[in-house]
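**Q** how would this look folded up:
(chains A and B)
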Amino acid sequence: MNEYVVILLVSFITIFLRFLPFMLFKNGKLPKTIEKIGDSLPSTIMILLVIYCVKNINIFTYNYGLPELIAVSIVVLIHLYKRNMLLSIFLGTITYMFLIQYVFI
Amino acid sequence: MNLTNLKKAFILTIPVLLGYIFLGIAFGILVVSSGYNVFFTLLSSSILYAGSMQFALIAFLKENASLISILVMTLFINSRHMFYGLTLIERYSKFNKLKPYMMFSLTDETYALICSLKDKEDYNSNTILFLVSFLNHMYWIAGGLIGTLIGNVLPINATGIDFAMTALFVAIVVDQYKTNKDHFPFYTGLFIGIASLIILGPDNFLLPAIILSVIILIIRNKKYE
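**A** Next up, the predicted model:
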């Protein structure tokens, strides 16, 4: 099978999934249930995405997920104190890169 | 479109720039090492535009997986995007011509940024939301092209730079936690997420965790009516 045809089909499904909620409720009239979930679901999804990002750590073998734990803690602390998105991300990322390149080799 | 909007959008998207450029490079290198060329990168990064799915697709093609199994896997890997749109129906109804593009470009990272702008009035304009979506898309394509064309001659050790996207999500979680009075959705995600990860493993936990969380949130909302 031609791989370009496969890419097109996979793209079609992906686009369909992204469009689906908008097509289902396109007259703009949202059921109360959906409207309410729209306020609370983003916080749930965001913490799930954080877990998704660190899903491959193993706390029982070396390095015990320590680089991730330390770097995430730094982002949280800096962000609580400074509330500056770029600063938190920059310092967290530098710390993480340093840890996995030089400390937990 | 004026420059201040572009500047604002650019600053907002810097973490995604870092993450997408380097993940994109990794993708481009994988494309070349799997025997495909720059058209493969261009087509998948511009119209498929779904990071984990693009990596998975190469693995499926290598294993000669059947078309039907590839398509079913696509449904599973990308269904989470349905839930993103669900929370943006009202916001995106304010777009006219650009609405199809806004819906198409809802990746994890773009969704996260757009959610983070919800309560910031001077950032919540259609122009900025569009520019954020568009820039992210361009970063992803650019990363893929760099990786495909010159990936094997890059001398830098950027191992771990994709942590920028984890950090972005973490910072958004902190913001949301400080802004919202109701922390139930956060703890629902935290506990369901960790429990699903332990029970189902890293490859299959996300979608079941989202579905279960949605059910819990709906039941709780009904109770408070």
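
**Q** list the contacts of stretch A:44-60.
**A** A:64-65, A:68, A:72, B:80, B:83-84, B:108, B:111-112, B:115, B:165-166, B:169-170, B:172-173, B:176, B:185-186, B:188-190, B:192-194, B:197, B:202, B:205-206, B:209-210, B:213, B:217 (C-beta atoms under 8 Å, 6 or more residues apart in numbering or on different chains). (Each C-beta comes from the backbone N, C-alpha and C, glycine too.)

**Q** okay, buried residues for that stretch please.
**A** A:Thr44, A:Ile45, A:Met46, A:Ile47, A:Leu48, A:Leu49, A:Val50, A:Ile51, A:Tyr52, A:Cys53, A:Val54, A:Ile57 (16 or more other C-beta atoms under 10 Å in any protein chain shown).

**Q** for that stretch, how far is the first residue from the last?
**A** Chord length of stretch A:44-60, first to last residue, is 27 Å (C-alpha to C-alpha, to the nearest Å).

**Q** related to what we said a few turns ago, just the buried residues out of the contacts of stretch A:44-60, in PyMOL syntax.
**A** Under the burial definition 16+ other C-beta under 10 Å, those of the contacts of stretch A:44-60 that qualify are selected in PyMOL by:
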select buried, (chain A and resi 65+68+72) or (chain B and resi 80+83+84+108+111+112+115+165+166+169+170+172+173+176+185+186+188+189+190+192+193+197+205+206+209+210+213+217)
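
**Q** picking up where we left off before, how about the buried residues of stretch A:44-60 in TSV, adding secondary structure?
**A** Formatted as TSV, the buried residues of stretch A:44-60 follow (DSSP: H, G, I helix; E, B strand; the rest coil):
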residue	secondary structure
A:Thr44	helix
A:Ile45	helix
A:Met46	helix
A:Ile47	helix
A:Leu48	helix
A:Leu49	helix
A:Val50	helix
A:Ile51	helix
A:Tyr52	helix
A:Cys53	helix
A:Val54	coil
A:Ile57	coil
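
**Q** inside helices: which ones of the contacts of stretch A:44-60?
**A** A:68, A:72, B:80, B:83-84, B:108, B:111-112, B:115, B:165-166, B:169-170, B:172-173, B:176, B:185-186, B:188-190, B:192-194, B:197, B:206, B:209-210, B:213, B:217 (DSSP state H).

**Q** low pLDDT regions in chain B?
**A** Chain B contains residues with pLDDT under 70 at B:1-2, B:156, B:158, B:225.

**Q** so which residues of it form strands?
**A** Here chain B has no strands by DSSP state E.

**Q** need the longest helix for it.
**A** helix B:3-33.

**Q** can you list the domains in chain B?
**A** Chain B breaks down by automatic domain parsing into domains covering B:3-161, B:180-225.

**Q** tell me what angle the longest helix of chain B forms with helix B:108-116.
**A** Here the directions of helix B:3-33 and helix B:108-116 differ by 160 degrees (axes from the mean of the first three to the mean of the last three C-alpha atoms, to 10 degrees).

**Q** which strands and helices sit next to helix B:3-33?
**A** Other elements packing on helix B:3-33 under the criterion 3 or more C-beta pairs under 8 Å, 6 or more residues apart in numbering or on different chains; DSSP states H and E are helix A:85-98, helix B:38-43, helix B:51-62, helix B:108-116, helix B:126-150, helix B:163-179.

**Q** the fifth one and chain A in contact?
**A** Spelled out, that is helix B:126-150. No - using C-beta under 8 Å from any C-beta of the partner chain, helix B:126-150 stays clear of chain A, coming no nearer than 11.7 Å.

**Q** how far off centre is that helix?
**A** 12 Å (C-alpha atoms, centre = their mean, to the nearest Å).

**Q** go on, the second one?
**A** A distance of 20 Å separates the C-alpha centroid of helix B:38-43 from that of its chain, computed with C-alpha atoms, centre = their mean.

**Q** ok, the first one next?
**A** Here the centre of mass of C-alpha atoms in helix A:85-98, compared against the chain's by C-alpha atoms, centre = their mean, lies 16 Å away.

**Q** before we move on, what about the fourth one?
**A** Taking C-alpha atoms, centre = their mean, one finds helix B:108-116 lying 7 Å from the centre of the chain it belongs to.

**Q** I'm done for today, thanks for sticking with me.
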